[in-house]
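Trainee: Sequence and predicted structure, then a few things I'm wondering about:
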Amino acid sequence: MDVMTLTVPLAALLGLGTAFGMVLVAVGVSGRDNGPADLDADSLLSRFTPGRGRVDRRRVTVCLAVAVVVAVVTRWPVAAALSAVGVWVLPAVIGPDRDHARRVARIEAIATWTEALRDSLSGAAGLEQAITTSAIESPEPIRDEVNRLATRLQRGWRLPAALRAFAAELADPTADLVVAGLLMAARGSAGQLGDVLGELAASARAKVASRQRIAAGRNRNRTSARVIVGVTLAMVGTLTLINRGYLAPFDTAAGQLVLLLAGGCFGVAFVWLAHLMSDRDTSRILQGVADSAGTEAVVPR
């Protein structure tokens with residue numbers, strides 16, 4: 001049997017196995033279930049996974065399919081593995097930041113709800129009644145969480161426990177500040193709660209404006225990354241199809257090692273770029289409140 005006839009399937013098999021292993025490693029490292037989902041990523045690796053605690057099978061299938069095609073066309077196992085990993089991680093770096101709009105809409109909703117709660121305090125009998133009233137027309141991005149908060153209060157939950165559960169569900173630094181103010185009011189330190197809520201709402205809106213400016217700068221970085229990736233892929237594809245002899249040195253083991261080093265350099269550069277584009281204001285002052293929320297069980301009143 002012709003050696004070339006064996007080489008192509010062998011290259012495809014090696015590329016498939018290597019790519020499958022690298023994708024599994026990426027999923028295993030970054031696909032942990034860390035509890036309630038936070039719209040602001042708490043780790044760099046979480047930017048590269050479609051969801052926590054689950055694997056997108058269609059995405060894995062696409063990665064493996066690309067790896068097989070690259071292995072058959074190039075007969076380079078390293079190129080097959082790098083292409084599979086690239087298909088997995090590059091959309092999070094050079095693709096549109098779909099989470100940005102959700103994060104901004106959520107912060108704006110928190111600001112709107114905080115203002116509504118402030119306005120309700122003047123005509124309500126107390127903080128709990130004001131919260132229940134505010135749930136009637138709460139903003140869409142946080143409507144479910146606010147409705148659950150109102151439902152817990154109606155079912156007899158203590159206000160501090162209900163607020164902690166509310167903060168754990170939102171898992172947002174801005175919401176933590178609002179909940180902290182409400183917790184202080186629930187303990188008898190209300191003071192000028194209306195003024196505090198107004199200042200927190202204004203701070204949230206300023207944060208939205210700041211995020212919009214930051215997003216504009218990140219879009220420029222994404223555009224630059226798209227150009228780099230597009231030019232590199234176009235050059236490699238053109239050489240592979242038109243002038244394969246120019247790439248002949250990569251057919252050797254030493255060439256595959258060089259290709260692996262080059263791919264590693266690209267990987268480090270894109271990880272660094274993802275770090276630059278990641279959110280920095282993700283620290284929460286009420287981190288881990290879900291556990292304490294359950295200790296103050298429903299109390300009959």
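Mentor: Yep, that arrived.
Trainee: Mind listing what's buried along the host helix or strand of Ala65?
Mentor: Of the helices and strands defined by DSSP states H and E, Ala65 is found in helix 57-74. Buried residues in helix 57-74, counting neighbours by 16 or more other C-beta atoms under 10 Å, are found at Arg59, Val60, Cys63, Leu64, Val66, Ala67, Val68, Val70, Ala71, Val73, Thr74. Bear in mind the C-beta positions are built from the backbone N, C-alpha and C, glycine included.
Trainee: go on, stretch 156-170?
Mentor: 157-170.
Trainee: Now tabulate those in JSON lines and tack on distance to Lys207 and secondary structure.
Mentor: JSON lines is the format used below for the buried residues of stretch 156-170 (distance: C-beta to C-beta, whole Å; DSSP: H, G, I helix; E, B strand; the rest coil):
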{"residue": "Trp157", "distance to Lys207": "29", "secondary structure": "coil"}
{"residue": "Arg158", "distance to Lys207": "30", "secondary structure": "coil"}
{"residue": "Leu159", "distance to Lys207": "26", "secondary structure": "helix"}
{"residue": "Pro160", "distance to Lys207": "26", "secondary structure": "helix"}
{"residue": "Ala161", "distance to Lys207": "27", "secondary structure": "helix"}
{"residue": "Ala162", "distance to Lys207": "25", "secondary structure": "helix"}
{"residue": "Leu163", "distance to Lys207": "21", "secondary structure": "helix"}
{"residue": "Arg164", "distance to Lys207": "22", "secondary structure": "helix"}
{"residue": "Ala165", "distance to Lys207": "24", "secondary structure": "helix"}
{"residue": "Phe166", "distance to Lys207": "19", "secondary structure": "helix"}
{"residue": "Ala167", "distance to Lys207": "17", "secondary structure": "helix"}
{"residue": "Ala168", "distance to Lys207": "21", "secondary structure": "helix"}
{"residue": "Glu169", "distance to Lys207": "20", "secondary structure": "helix"}
{"residue": "Leu170", "distance to Lys207": "15", "secondary structure": "helix"}
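Trainee: Name the nearest residue to Tyr118, ignoring sequence neighbours.
Mentor: I think there's a mix-up here, since residue 118 is Arg and not Tyr. Counting by C-beta to C-beta, 6 or more residues apart in numbering, Leu197 is the residue found nearest to Arg118 once chain neighbours are left out, at 4.0 Å.
Trainee: Now that neighbour: phi and psi?
Mentor: Backbone torsions of Leu197, given as degrees, to the nearest 10, read phi -60, psi -40.
Trainee: which ones are touching it?
Mentor: Thr114, Glu115, Leu117, Arg118, Leu121, Val178, Gly181 (C-beta atoms under 8 Å, 6 or more residues apart in numbering).
Trainee: Show me which of those residues is closest to Gly263.
Mentor: Val178 (45.6 Å; C-beta to C-beta).
Trainee: where's Arg218 relative to Trp88, distance?
Mentor: 21 Å (C-beta to C-beta, to the nearest Å).
Trainee: higher neighbour count, these two?
Mentor: Trp88 (23 against 16; other C-beta atoms under 10 Å).
Trainee: quick check, distance from the host helix or strand of that one to the centre of its chain.
Mentor: If you go by DSSP H and E, Trp88 is part of helix 77-94. In this view, helix 77-94 has its centroid 18 Å away from the chain centroid, taken as C-alpha atoms, centre = their mean, to the nearest Å.
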